[in-house]
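K.L.:
coordinates only, sequence not included:
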Ligand SMILES: Nc1ncnc2c1ncn2[C@@H]1O[C@H](COP(=O)(O)OP(=O)(O)OP(=O)(O)O)[C@@H](O)[C@H]1O
């Protein structure tokens, strides 16, 4: 396997603030990699370093084996970074913006790729209008197209779906999945954890300038011992609270529903217990832990500071 990105001992301080503390990370070519973390964790700073927009204080970053400082031009060509902030030159229409961007990479006659991107991102009928006339979501589509005109090997998406409607999200993900299947490496930051759970193979969770965990999505989710059992009964659940006092349970008396959170080891006992309640069961659902549970645990969003 070829290494797409190697980050070694990267540090970045803003005055007293340690924005990145000794970051080490290897991403293989062809991975769909998630970089997650709460606001201020350091994700954009790390992406900024990768794209040459932020200077690191210490450490080394290579893209496809080439150092990003000593091989700036070459590594820049391998990367397509979609930034969070939306800025355009208002004097050029959508197509011209993409042609100019192609020109930065020395690519002439890039119509095939430009048309493919316009189509994939639903911008074909907006090709001749200026960025000022585009809605917020369409500007974001243009930003994504702009980062991809030079057909980069590694695509970095920094919150690409923030403020974007469901339709674009779905078409954007279809396109990104297609690129990934073609062998492109995808690095995604998002606050939509369900999106990361669906798309990413491996995930790094950052907090306060550090990578607190890195693993496959499956291993991360399996590390949380949690099952949520919800049961809908035909009969009233009024009066159950006493019987269920020992469990971590929510009772919805209006809809005859109970929801119990338990560990995997308790499942067998719990299901027997529910059966012994002698109520007629209409529906039952057992949910496992989600990426969100892992995220909350590792970033301490639930409580005590470390
Ligand atoms: N140019 C800057 N000057 C000073 N501090 C900065 C600068 N850029 C970022 N920071 C600080 O560095 C820390 C990391 O910020 P960064 O934008 O990398 O976080 P993030 O994980 O991308 O957050 P978000 O999810 O909100 O985008 C934050 O505390 C932020 O305030």
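P.N.:
Yes, it's here. All figures in this text were calculated on a predicted structure; none of them were measured in a lab.
K.L.:
residue of the stretch 201-306 of the chain with the smallest distance to the ligand?
P.N.:
Closest residue of the stretch 201-306 of the chain to the ligand, CB to the nearest ligand atom: residue 206 (6.5 Å). (C-beta placed from N, C-alpha, C; glycine too.)
K.L.:
am I right that that residue is in a strand?
P.N.:
Yes. Residue 206: assigned to a strand according to DSSP: H, G, I helix; E, B strand; the rest coil.
K.L.:
can you check the pLDDT for the closest residue to it other than its chain neighbours?
P.N.:
Spatial nearest neighbour of residue 206, chain neighbours left out: residue 37 (3.5 Å); criterion: CB to CB, 6 or more residues apart in numbering. According to the prediction, residue 37 has pLDDT 94.
K.L.:
tell me the contacts of the residue of the stretch 201-306 of the chain closest to the ligand?
P.N.:
The neighbours of residue 206, taking CB atoms under 8 Å, 6 or more residues apart in numbering as the test, are 35, 36, 37, 41, 42, 43, 46, 212.
K.L.:
would you agree residue 76 is in contact with residue 52?
P.N.:
Yes. Using CB atoms under 8 Å, residue 76 is in contact with residue 52, at 6.6 Å.
K.L.:
the spatially closest residue to residue 145 that is not a sequence neighbour: how many residues sit nearby?
P.N.:
Among residues not flanking residue 145 along the chain, residue 117 sits closest, at 4.1 Å (CB to CB, 6+ apart). When neighbours are counted by other CB atoms under 10 Å, residue 117 registers 23.
K.L.:
name the SS class of the residue nearest to residue 72 when sequence neighbours are not counted, please.
P.N.:
Counting by CB to CB, 6+ apart, the nearest residue to residue 72 once its immediate chain neighbours are dropped is residue 52, at 6.3 Å. Following three-state DSSP, the label given to residue 52 is coil.
K.L.:
quick check: pLDDT value at residue 52.
P.N.:
pLDDT at residue 52 comes out at 91.
K.L.:
so how far is residue 199 from residue 106?
P.N.:
Per CB to CB, to the nearest Å, residue 106 is found 32 Å from residue 199.
K.L.:
which residue of the two possesses the greater neighbour count?
P.N.:
Comparing residue 106 with residue 199 by other CB under 10 Å, the one with more neighbours is residue 199, at 19 against 9.
K.L.:
check contacts around the closest residue to that one other than its chain neighbours.
P.N.:
The shortest distance from residue 199 to any non-neighbouring residue, by CB to CB, 6+ apart, is to residue 32 (5.8 Å). Applying CB under 8 Å, 6+ apart, we find residue 32 in contact with 177, 180, 186, 188, 199, 200, 201, 202.
K.L.:
and the residues you listed, which are buried?
P.N.:
If you count burial by 16 or more other CB atoms under 10 Å, the buried members of the contacts of residue 32 come out as 180, 186, 188, 199, 200, 202.
K.L.:
which SS state does the first one fall under?
P.N.:
Using three-state DSSP, the secondary structure recorded for residue 180 is helix.
K.L.:
you'd agree it is up against residue 186?
P.N.:
Yes. Here residue 180 lies in contact with residue 186, judged by CB under 8 Å, at a distance of 5.1 Å.
K.L.:
from residue 166, how far off is residue 288?
P.N.:
Counting by CB to CB, the gap from residue 288 to residue 166 is 25 Å.
K.L.:
okay, the two: which has more neighbours?
P.N.:
residue 288 (13 against 8).
K.L.:
can you report phi and psi for the more buried one?
P.N.:
Residue 288 adopts backbone torsions of phi -90, psi 180, taken as degrees, to the nearest 10.
K.L.:
beta partners for it?
P.N.:
residue 227 (DSSP bridges).
K.L.:
quick check, it in contact with residue 221.
P.N.:
Yes. Applying CB under 8 Å, one finds residue 288 in contact with residue 221, separated by 7.0 Å.
K.L.:
hang on, the earlier thing: who wins on neighbours among the contacts of residue 206?
P.N.:
Neighbour max across those (other CB under 10 Å) = residue 46, 30 neighbours.
K.L.:
sec struct for it, please.
P.N.:
The three-state label given to residue 46 by three-state DSSP is helix.
K.L.:
any residues of this structure in contact with the ligand? List them.
P.N.:
When proximity is defined as CB under 6 Å from any ligand atom, the chain approaches the ligand at 14, 17, 19, 37, 39, 40, 41, 42, 43, 44, 45.
K.L.:
what do you get if the cut-off is 5 Å, keeping everything else the same?
P.N.:
Taking CB under 5 Å from any ligand atom as the contact definition, the chain meets the ligand at 14, 19, 39, 40, 41, 42, 43, 44, 45.
K.L.:
and those residues, which of them are in strands?
P.N.:
Among the residues of the chain next to the ligand, the ones falling in strands (DSSP state E) are 14, 19.
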